[in-house]
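*Asks:* Provide a 3D model corresponding to the input given below.
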Amino acid sequence: MRRNLAARIGVWSAHHRKTAILGWLLFVVLAAGIGGASGMVEMTDAENGAGDSARAEQILSDAGLSHRAGELVMVSSERPDGWRTAARELATALGKTGEVTGLKAPVPAENGKDALITFEMKGDAATASDRVQPVLDAVEGVQKGQPDVTVHQFGDASAGKWLGDLLSDDFKKAEFTAVPLALGILLVAFGAVVAALLPVGLALTACMAAFGLLSLASHQLHLFQTTYSVMFLMGFAVGVDYCLFYLRRERDERAAGRDAETALRIAAATSGRSVLVSGLTVMVAMAGMFLSGLLLFKGFAVATIIVVFIAMMGSVTVLPALLSWLGDRIDAGRVPLLNRRSKRGAKKESGRIAGKLLRPVLSSPKFFAAASVVVLLVLAAPALGMKTESLGLEKQFGSHSELAVAYRHISETFPGGPAPAQVVVEADDIEAPAVRKALDGFDKVTVHRAQNVAEIEVPMERGKADLTELREHRLPAAFDGTGARAYVTGETAGSVDFTAQLKSGIAPVFLFIAAVTFLVMLFCFRSYVIAVTAILLNLLSVAAAYGVMVAVFQHGWGASLIGSEGVGAIESWMPLFVLVVLFGLSMDYHVFVVSRIREAHGRGLATPAAIDEGIRRTAGAVTGAAVIMVAVFAVFGTLSMQDMQQMGVGLAVAVLLDATIVRMVLLPSVMALLGERNWRTPRGLSRLPALDHSEPEPGPAPDPVGAVRHG
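*Replies:* Just a heads-up that it's a prediction; the model follows:
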């Protein structure tokens, strides 16, 4: 029988295992080494923005007017003017650091008990967080020397320092928690140390190589600072899953009495094919993020495409080579209490529980289809009230964090202080009388005559309301007819523009990934019914994930259970990211399960019997893969930053629902209701090339002795 691509790759790797293994190691070392030496290039504020705010940032960048990192320090006391001594000491201490400029006299609050001190960090704002430590030490020293006053600091450099340290700590926490978790789950699944170590080792080496290649790519396409975390999240989960699918099929075939070569060929031709289809689907779906119009998502797309491609290729090349080399040693390090394979073979054992759960579903498919849809729609209901915004640093770290407390106290005492709007005005002649007259109508104006650019700082006491007033009324009234062009940037303006771009970009992204999913399913199974079903099931999973995210992080329902809190909104880039990722990842389970059902149907079984066999045969692998993905994603749900928590919880919930309600209840019940219509191909599509869903060859009859020996 003609072998498919995955089978040919697997057989070649098994016959040239030294070349495959050494080639993989050389690739990982070179990619990680060269990429690490090149370093990562982060995007600028202008590159990360959208709309008018991005245009304003670009004007400043083109004019060579880079921002200085501004800092705010508020000194508070219990009595009026009690802050003055501390303020004088603070001014002296800050001056001695040699890192600050533009230090202004304290501005007292109306109650006389608080004062705000403003200054800027010298040098480039992009590197200010690396140089702010002496300033932080100076502020802390004054606080210790003046216990009768309270000092709060917030600014670009101090927040950047806090964020950088936190991201570093969180990434280490995720890495050192996710890896042991996955290893423990695989140890339970396989009952052998070597079999458990293999997927983890391959996933980690895939991530190492991807980190290096991403660093090289960042010199052409600049990245957001959390992109590495997203890459590790995706790469480790997908890498372990792909290896698990492949390894589980090979072990099942060996336990059923196949010889080593036949078992490996069957695993390559079936699970290997599913890995290739799933990986390619994920990568093409991720490419949809390029249509968002935002550099942030282009970086996410590149990162996930790189790591999924490497994980996929490792699973179909070096994994069969390692399996061929290890042979029976794959079961080395058996854990007696965990290794419970029966003498009857793995196939019967692995599907026993799934078969019991599946029996009522197949006997009453209408009831279970309706019930599962109702459950998913109930979970999705909160998503109808979803609000999105670019969460500021004060929301990212929790209301009780030092940074959030400082921001809240400063903004309440001095409204508009921490997040003012910045208006950038460009004109052919910034000194023209009409332009000068318009600029004179504002209080805080800085004119750069050589560049014909002016900067205006406007307090934003009411947030979005003030921004709307500024953009739609105040600026047009001031600059219309002058020939000058005014653009607003700042934290609030950037959030509004970014969210608006996301809303306009989500439709083309969704249409793209829906079309890709449909075409891949159509090509894989030659059935438009299965293709449409896949899209509808994915949409239900995504909607349910949205609902849970809104309930937990927008409304705060149960947020304290995971150490988080409701912040009144979902991070603006999260809905689009979750949509794309889940549409891609759900193909792992869908292709794997439906391929096995089609395989059984191709052997002559009726659709209900094929569904039963396909679900039972894949239950162990899908359960193990889902548990690992949920565990890895849940680790990110425990990190410090709100957006990482939202991403982790959203993806974990979606995968859990996808592997349980959707794949174990909704999919079999819907397919049972459709019956033979699942496999109908319209005449116009009959010439499509077909993927072979049958085992490549029957192989030897199951040998009970061999089953015991290899099981």
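*Asks:* residue contacts, residue 76?
*Replies:* 83, 113, 114, 149, 150, 151, 152, 409, 413 (Cβ atoms under 8 Å, 6 or more residues apart in numbering). Where C-beta positions appear, they are placed from N, C-alpha and C, glycine not excepted.
*Asks:* need the contact list for the last one.
*Replies:* For residue 413, the set of contacting residues under the criterion of Cβ under 8 Å, 6+ apart consists of 74, 76, 109, 114, 116.
*Asks:* next one: the second one
*Replies:* With contacts defined as Cβ under 8 Å, 6+ apart, the neighbours of residue 113 are 76, 77, 78, 79, 80, 82, 83.
*Asks:* Swap in 10 Å and give it another go.
*Replies:* Counting by Cβ atoms under 10 Å, 6 or more residues apart in numbering, residue 113 touches 75, 76, 77, 78, 79, 80, 81, 82, 83, 149, 413.
*Asks:* need these in CSV with distance to residue 269 and pLDDT, can you?
*Replies:* CSV is the format used below for those (distance: Cβ to Cβ, whole Å; pLDDT from 0 to 100):
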residue, distance to residue 269, pLDDT
75, 72, 91
76, 71, 90
77, 76, 89
78, 77, 87
79, 81, 87
80, 82, 87
81, 82, 85
82, 79, 86
83, 76, 88
149, 73, 89
413, 69, 82
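*Asks:* Now flag whichever of these is closest to residue 288.
*Replies:* residue 413 (45.4 Å; Cβ to Cβ).
*Asks:* Could you report the distance from the closest one to residue 114?
*Replies:* Here residue 413 is placed at a distance of 5 Å from residue 114 (Cβ to Cβ, to the nearest Å).
*Asks:* so what sits against both of those two?
*Replies:* 74, 76, 152.
*Asks:* remind me which residues of the stretch 351-500 of the chain are low pLDDT?
*Replies:* Applying pLDDT under 70 to the stretch 351-500 of the chain flags the ranges 351, 416-419.
*Asks:* Can you show me the helices along it?
*Replies:* With DSSP state H, counting those that start in this stretch, the ranges of helices along the stretch 351-500 of the chain come out as 352-363, 365-380, 393-396, 402-413, 433-439, 464-469, 475-479, 491-525.
*Asks:* Repeat that for the stretch 551-700 of the chain.
*Replies:* 574-602, 607-637, 642-657, 667-674.
*Asks:* looking at those, which is closest to residue 445?
*Replies:* Closest among these, using Cβ to Cβ: helix 642-657, at 35.1 Å.
*Asks:* Contacts only, for residue 651.
*Replies:* Taking Cβ under 10 Å, 6+ apart as the test, what residue 651 contacts is 233-234, 237, 545, 549, 577-578, 581-582, 585, 629-630, 632-634, 636-637.
*Asks:* Which stretches in the stretch 51-200 of the chain count as strands?
*Replies:* Assigned by DSSP state E, counting those that start in this stretch, the strands in the stretch 51-200 of the chain fall at 70-76, 100-101, 107-108, 114-121, 150-155.
*Asks:* pLDDT (mean, whole number) over the longest one?
*Replies:* Averaged across strand 114-121, pLDDT comes to 88.
*Asks:* pull the CA atoms of it into CSV?
*Replies:* Written as CSV, here are the backbone C-alpha positions of strand 114-121 (Å, rounded to 0.1, in the frame of the first residue of the first chain):
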residue,chain,number,x,y,z
ASP,A,114,-0.2,66.2,49.8
ALA,A,115,2.3,67.5,47.2
LEU,A,116,3.2,66.2,43.8
ILE,A,117,6.8,66.3,42.5
THR,A,118,7.4,65.7,38.8
PHE,A,119,10.6,65.1,36.9
GLU,A,120,12.0,63.1,34.0
MET,A,121,14.7,60.5,33.5
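*Asks:* Direction-wise, compare it with strand 70-76 and give the angle.
*Replies:* Computed with axes from the mean of the first three to the mean of the last three Cα atoms, to 10 degrees, the direction of strand 114-121 lies at 160 degrees from that of strand 70-76.
*Asks:* Thank you, goodbye.
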